[in-house]
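**Student:** Have a look at this fold, sequence not included:
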Ligand code: UDX
């Protein structure tokens, strides 16, 4: 199948490369010339494990190519994926100008009936508007299918090729079937529904996961007060198949490019149809509080943070990405600096991006160098390399042996036995 993917952000690029890997002829389009030139040379603009390999392999086998010429890519392809950004607008609503601009371009350049696949996360009802808009500029029939993505940064290639489910939203059975055929080789569950349901599935899924995190974070607050261990509580809850084990790690809050934005956008969608989604307001409130919690706990332990040297382990919003968007580290470090603490931070790959948000702190390459002379070490992002540290060596470098485990990732008993003061979240 000949496919064009418009937008080479992480969703578009992963989708394009993986669809090519499934044997399709894919052309990825972007307006950013330098990005396209880099991609043609095999330079991947984002950090995404495994992506470079899939891109290079498919470029070499001539199934994947890149262009800035959207008109040609559209006229050459039967199926056109929209994978442009939908950033948060002023009122919390997703900004749709990029999606609509692409819809118009597709309409203007359609030389035969086309199928548009909307992969961008868009408010309910957008697919129908995209169809209206594209058809307004075209003399051909244009079908629109909503096909939300559930990719996680850091495991996006795997998530695309081994999804829990594929959701296809369309009122047109032929268009739905064409997209179903694209995903059939994956051998996974495919749900075909109407466009509105597909659009809502995306927001509801992300909002539910964010709610699960804030819920366990509230349980952690209780655990802290009643001598329970939230990790054990989560384990006990997660063994119930109806609840499930995932997304029950209490800690210093969720971040990233999706959860914060989608939780806001779903509240706006609700308001626009006359419903107030109170539960998500609380989810956000808990999450903001959670980001401050490690600092509050440390302040309680040390009395004052003024002049104290604090080593922050991990800056990215989660491990295996260099993405700093809405990262808990930003709020935590701002709070530490406000308390006049001296911050030394280390992250395996997010340092460059972090400097845009946190230009004034000191950066180190190794956790051992960062821990030197520190009054406390604070784990904010649970990168693998921070989990297996030589704690005897870390402790020997420190001024006072305090560990704030913002992700409940360390073995508390082991650290206590080594003479550390261990401060977790709800344990
Ligand atoms: C998320 C969704 O998982 C994905 O399906 C969607 O397509 C995009 O948004 P992503 O933003 O890459 O993916 O990150 P994810 O792995 O879901 O983690 C989000 C945040 O939640 C991170 O900050 C993480 O640290 C935090 N988190 C996750 C917790 O605090 N506790 C948990 O138990 C799980």
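**Tutor:** In hand now; what should we look at? Fair warning: this is a prediction, and the values are worked out from it, not measured in the lab.
**Student:** where does the chain dip in pLDDT?
**Tutor:** Within the chain, not a single segment meets pLDDT under 70.
**Student:** Any residues of it in contact with the ligand? List them.
**Tutor:** Taking Cβ under 6 Å from any ligand atom as the test, the list of the chain residues beside the ligand reads 149-153, 206, 209, 213, 247-249, 251, 254-256, 258-259, 317-318. Every C-beta, even on glycine, is put in place using the N, C-alpha and C of the backbone.
**Student:** Could you turn the buried ones of those residues into a ChimeraX selection?
**Tutor:** Here is the ChimeraX selection string for the buried members of the residues of the chain next to the ligand, based on 16 or more other Cβ atoms under 10 Å:
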select :149,150,151,153,206,209,213,247,248,249,251,254,255,256,258,259,317,318
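**Student:** Helices - which of the residues of the chain next to the ligand land there?
**Tutor:** 206, 209, 213, 259 (DSSP state H).
**Student:** Can you give the strand pairings for the one helix or strand residue 312 maps to, parallel or anti for each?
**Tutor:** Residue 312 is part of strand 309-313, with elements assigned from DSSP states H and E. Strand 309-313 sits in its sheet next to strand 342-346 (parallel), strand 376-379 (parallel), going by DSSP bridges.
**Student:** Make a markdown table out of those strands and add mean neighbour count.
**Tutor:** Shown next, in a markdown table, are those (neighbours: other Cβ atoms under 10 Å):
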| stretch | mean neighbour count |
| --- | --- |
| strand 342-346 | 22 |
| strand 376-379 | 27 |
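**Student:** would you turn these into TSV with distance to residue 297?
**Tutor:** TSV is the format used below for the strands paired with strand 309-313 (distance: least, Cβ to Cβ, whole Å):
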stretch	distance to residue 297
strand 342-346	16
strand 376-379	9
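**Student:** Can you report how many residues lie near residue 252?
**Tutor:** Look at residue 252: counted by other Cβ atoms under 10 Å, it has 29 neighbours.
**Student:** Which residue lies closest in space to it, excluding its sequence neighbours?
**Tutor:** residue 406 (3.9 Å; Cβ to Cβ, 6 or more residues apart in numbering).
**Student:** doesn't residue 409 make contact with residue 379?
**Tutor:** Yes: counting by Cβ atoms under 8 Å, residue 409 is a contact partner of residue 379 at 6.1 Å.
**Student:** Find residues that contact each of the two.
**Tutor:** Shared contacts of residue 379 and residue 409, defined by Cβ atoms under 8 Å, 6 or more residues apart in numbering, are found at residue 386.
**Student:** now residue 276, nearest residue through space, not along the chain?
**Tutor:** residue 270 is the one closest to residue 276 (Cβ to Cβ, 6+ apart), at 6.6 Å.
**Student:** buried set for the host helix or strand of the one you found?
**Tutor:** Assigned by DSSP H and E, residue 270 belongs to helix 259-272. The neighbour-count check on helix 259-272 (16+ other Cβ under 10 Å) flags 259, 260, 261, 262, 263, 264, 265, 266, 267, 268, 269, 270 as buried.
**Student:** domain parsing for the protein?
**Tutor:** 2-193, 259-423 (automatic domain parsing).
**Student:** Those: which one's closest to residue 221?
**Tutor:** domain 259-423 (8.5 Å; Cβ to Cβ).
**Student:** end to end, how far does the closest one reach?
**Tutor:** Taking Cα to Cα, to the nearest Å, domain 259-423 runs 27 Å from one end to the other.
**Student:** ditto for stretch 77-93
**Tutor:** 31 Å.
**Student:** which of the residues in that stretch are buried?
**Tutor:** For stretch 77-93, by 16+ other Cβ under 10 Å, it's 77, 79, 80, 81, 82, 83, 84, 86, 88, 93.
**Student:** ok, so what distance separates the fourth one from the ligand?
**Tutor:** Taken as Cβ to the nearest ligand atom, to the nearest Å, the spacing of residue 81 relative to the ligand amounts to 15 Å.
**Student:** Angles on the backbone of that residue, please.
**Tutor:** phi -90, psi 130 (degrees, to the nearest 10).
**Student:** Make 618 the first number, not 1, from now on.
**Tutor:** Done: numbering now begins at 618, and the last item shifts to residue 698.
**Student:** Relative to residue 799, how far out is it?
**Tutor:** Counting by Cβ to Cβ, to the nearest Å, the separation of residue 698 from residue 799 is 10 Å.
**Student:** next one: residue 874
**Tutor:** 25 Å.
**Student:** can you check residue 805 too?
**Tutor:** 12 Å.
**Student:** Looking at these two, which is more packed in?
**Tutor:** residue 799 (20 against 13).
**Student:** The more buried one: what secondary structure?
**Tutor:** Counting by DSSP: H, G, I helix; E, B strand; the rest coil, the backbone at residue 799 sits in helix.
**Student:** swap in residue 762?
**Tutor:** Applying three-state DSSP: residue 762 is strand.
**Student:** Excluding sequence neighbours, find me the nearest residue to it.
**Tutor:** Spatial nearest neighbour of residue 762, chain neighbours left out: residue 787 (4.3 Å); criterion: Cβ to Cβ, 6+ apart.
**Student:** residues in contact with residue 879?
**Tutor:** Neighbours of residue 879 in contact, by Cβ under 8 Å, 6+ apart: 738, 819, 820, 823, 824, 827.
**Student:** Run through the bridge partners of residue 731.
**Tutor:** residue 759.
**Student:** residue contacts, it?
**Tutor:** 691, 694, 695, 696, 697, 723, 751, 757, 759, 760.
**Student:** if we can go back for a sec, next helix or strand past the helix holding residue 887?
**Tutor:** helix 895-919.
**Student:** So residue 797 versus residue 813, what's the distance?
**Tutor:** 19 Å.
**Student:** Residue 941 too?
**Tutor:** From residue 941 to residue 813 the distance is 34 Å (Cβ to Cβ).
**Student:** again with residue 917
**Tutor:** To residue 813, residue 917 is 48 Å away according to Cβ to Cβ.
**Student:** more neighbours, those two?
**Tutor:** residue 813 (16 against 9).
**Student:** check contacts around the more buried one.
**Tutor:** Counting by Cβ under 8 Å, 6+ apart, residue 813 makes contact with 741, 742, 744, 786.
**Student:** What is the most widely separated pair among the residues you listed?
**Tutor:** 742 and 786 (11.4 Å).
**Student:** which residues do those two both contact?
**Tutor:** Joint contacts of residue 742 and residue 786 (Cβ under 8 Å, 6+ apart) are 813, 816.
**Student:** quick one: which of these two has more around it?
**Tutor:** residue 786 (25 against 15).
**Student:** For that one, which non-adjacent residue is spatially closest?
**Tutor:** Using Cβ to Cβ, 6+ apart, the nearest residue to residue 786 is residue 815, at 2.4 Å.
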